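Trainee: Prediction below, plus the sequence it came from.
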Amino acid sequence: MSGKPRIMQVVGSLGIGGAERVGMELAHGASNLGWESFVISATVGRNIPEYCESLGSREINIFELGERLPRKAWELMRIVKRVKPDIVHVHTELPELLAIFGKVVRPDTILLRTLHNTVSWPKHKVLEYSVGAFYSMFASMTLACAEAVPGNYPVVANGVSWSEESFRKNPFQVAFVGRMVPDKNPESIIEICRRAKQECPGLVLHMVGGGELLDYLRPRHSVEWIVWHGPLPSADPIMRFSKVLLLASQYEGLPLVTLEALVDLTSVIGPDLASLRRLGWIDCYPPGDYDTAANLVAATLNEPEDSRARKMREIRDRMRSTYSIGGMVDKYLAVYDSLLSDSRGIYSKK
């Protein structure tokens, strides 16, 4: 291979999702090495302008695909054929499907994917089998963001930027941060907080994120104790004053938002999923058990702030090296370098 390596990240959108932001960090990391760096956003209309500007300011090339799947596939094939990337790194389900078309038009491209969730293609069993079979045969490597992801793939854990700061929390502030989609169960978040208000009448819920359910939920739950922020360039300002981050997901891998909560000394409460339980700083409730979840929320909000923050600070100090953004990027760049050094690629079978 001659010239600068060309590394292409294919993500769902340049938005609030953790997998997408991992792709953006890797685009920056490749650019920092002097490599040519590209980002393809598969979902039009969800991109946050500040993210686009951040990438563009570093001369990272951004491509946004069309609205319908056939057009997305045709545009991705055209981009791959023109750019001739050495590595195409895909994140989450839609990018996985689209990258297959890129591999067809440029067979020499090294195809790499990271599995960010514990469930792949949950609504499309045929695609789950066919996409997984394609990657087992034609992809150069499959990685996972956490040990909880099935398949015994090599793990590169998600990472965030760590801080020594302590933040003063406002009493009874709860945050949900994520896409407003069925898999994240945002309406369950509202019901849990409604029940928790019986013990904490001053509870205020901050709903952060966009998605298909936002326009449905916002008018149905237009009450003074719920603040609808919509999609934000960063949820950090909300997280800094919130005492609790509340999750109700059907499945997760290693959500960046849980790491960001730990950085900001925000307690995390979520369903008892293996991927969340194993993290150690998350209080878990049985999925769908709103009463138990509400009791956990109320107990955490009523806990004296000094003791709560002290516990979170101790955990933060233990975890910062394991989940650092620098370590994550360095490990991925080492994978890229290894794949580029071997013209045959490295084949990882299921």
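Mentor: Happy to help now that I have it. Just so it is clear, the structure is predicted and the values come from calculations on it, not from any experiment.
Trainee: from here on, contacts and neighbour counts on C-alpha atoms
Mentor: Fine.
Trainee: helices or strands next to the helix or strand of the chain with the lowest mean pLDDT in the packing?
Mentor: Among the helical and strand segments of the chain, the one scoring lowest on mean pLDDT, DSSP states H and E is helix 49-56, with a mean of 83. Counting contacts by 3 or more C-alpha pairs under 8 Å, 6 or more residues apart in numbering; DSSP states H and E, helix 49-56 packs against strand 61-64.
Trainee: Can you give me the buried ones in the strand it packs on?
Mentor: Within strand 61-64, the residues scored as buried using 16 or more other C-alpha atoms under 10 Å are 61-62, 64.
Trainee: quick one on the thing from earlier: show residues contacting the least confident helix or strand of the chain.
Mentor: Contacts with helix 49-56, where a contact means C-alpha atoms under 8 Å, 6 or more residues apart in numbering, come from 14-15, 24, 28, 61-62, 233.
Trainee: Give me the lowest-pLDDT entry from these.
Mentor: Checked by pLDDT, the contacts of helix 49-56 have Gly15 as the lowest-scoring entry (80).
Trainee: Pull the contacting residues for it.
Mentor: Contacts for Gly15 (C-alpha under 8 Å, 6+ apart) come out as 21, 46-48, 51, 231, 233.
Trainee: quick revisit: buried residues, the least confident helix or strand of the chain. List them.
Mentor: Across helix 49-56, burial judged by 16+ other C-alpha under 10 Å covers 51-52, 55.
Trainee: What segments of this structure are helices?
Mentor: 18-32, 49-56, 69-83, 93-105, 125-138, 186-196, 214-220, 236-241, 256-263, 274-277, 290-302, 305-319, 325-341 (DSSP state H).
Trainee: Same list, those helices, but as JSON lines with distance to Gln9 please.
Mentor: Listed next are the helices of the chain as JSON lines, based on distance: least, C-alpha to C-alpha, whole Å:
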{"stretch": "helix 18-32", "distance to Gln9": "6"}
{"stretch": "helix 49-56", "distance to Gln9": "12"}
{"stretch": "helix 69-83", "distance to Gln9": "11"}
{"stretch": "helix 93-105", "distance to Gln9": "9"}
{"stretch": "helix 125-138", "distance to Gln9": "16"}
{"stretch": "helix 186-196", "distance to Gln9": "28"}
{"stretch": "helix 214-220", "distance to Gln9": "27"}
{"stretch": "helix 236-241", "distance to Gln9": "24"}
{"stretch": "helix 256-263", "distance to Gln9": "18"}
{"stretch": "helix 274-277", "distance to Gln9": "25"}
{"stretch": "helix 290-302", "distance to Gln9": "37"}
{"stretch": "helix 305-319", "distance to Gln9": "27"}
{"stretch": "helix 325-341", "distance to Gln9": "12"}
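Trainee: Looking at the contacts of Gly15, which one is closest to Arg316?
Mentor: Nearest to Arg316 among those: Arg21, at 21.1 Å, using C-alpha to C-alpha.
Trainee: what about the closest one, neighbour count?
Mentor: Residues lying near Arg21 (other C-alpha atoms under 10 Å) number 19.
Trainee: before we move on, what about His229?
Mentor: Using other C-alpha under 10 Å, His229 has 14 other residues around it.
Trainee: What distance do you get for it to Lys243?
Mentor: Distance of His229 to Lys243, computed by C-alpha to C-alpha, to the nearest Å: 17 Å.
Trainee: Next: Ala148.
Mentor: Ala148 is 27 Å from Lys243, by C-alpha to C-alpha.
Trainee: okay, the two: which has more neighbours?
Mentor: Taking other C-alpha under 10 Å, Ala148 and Lys243 do not tie; Lys243 has more neighbours (31 against 21).
Trainee: what about stretch 200-207, how long is it end to end?
Mentor: From the first residue to the last, stretch 200-207 extends over 18 Å; the measure is C-alpha to C-alpha.
Trainee: quick one: average confidence on that stretch?
Mentor: So the average pLDDT for stretch 200-207 ends up being 98.
Trainee: buried residues in that stretch?
Mentor: 200, 203-207.
Trainee: Relative to Lys125, which of these is nearest.
Mentor: Nearest to Lys125 out of these is Met207 (C-alpha to C-alpha; 31.1 Å).
Trainee: check contacts around the closest one.
Mentor: Met207 makes contact with 175-177, 226-230 under the criterion C-alpha under 8 Å, 6+ apart.
Trainee: what's the farthest-apart pair in those?
Mentor: Across those, no pair lies farther apart than Val177 and Ile226, at 13.3 Å, counting by C-alpha to C-alpha.
Trainee: Between these two, which is the more surrounded one?
Mentor: More crowded of Val177 and Ile226, by other C-alpha under 10 Å: Val177, with 28 against 19.
Trainee: Can you report how many residues neighbour the residue lying closest to the more buried one once chain neighbours are set aside?
Mentor: Using C-alpha to C-alpha, 6 or more residues apart in numbering and skipping residues adjacent in sequence, the residue nearest Val177 is Val208, 4.8 Å away. Using other C-alpha under 10 Å, Val208 has 22 neighbouring residues.
Trainee: List the contacts of stretch 61-75.
Mentor: 37-44, 52, 55-56, 76, 98, 101.
Trainee: which residues touch Thr258?
Mentor: For Thr258, the contacting residues are 245, 268, by C-alpha under 8 Å, 6+ apart.
Trainee: how does it look with 10 Å?
Mentor: 160, 177, 245-247, 264, 266-270, 276, 279, 281-282 (C-alpha atoms under 10 Å, 6 or more residues apart in numbering).
Trainee: on that earlier part again, quick check, nearest of the contacts of Met207 to Ala139?
Mentor: Val177 (32.4 Å).
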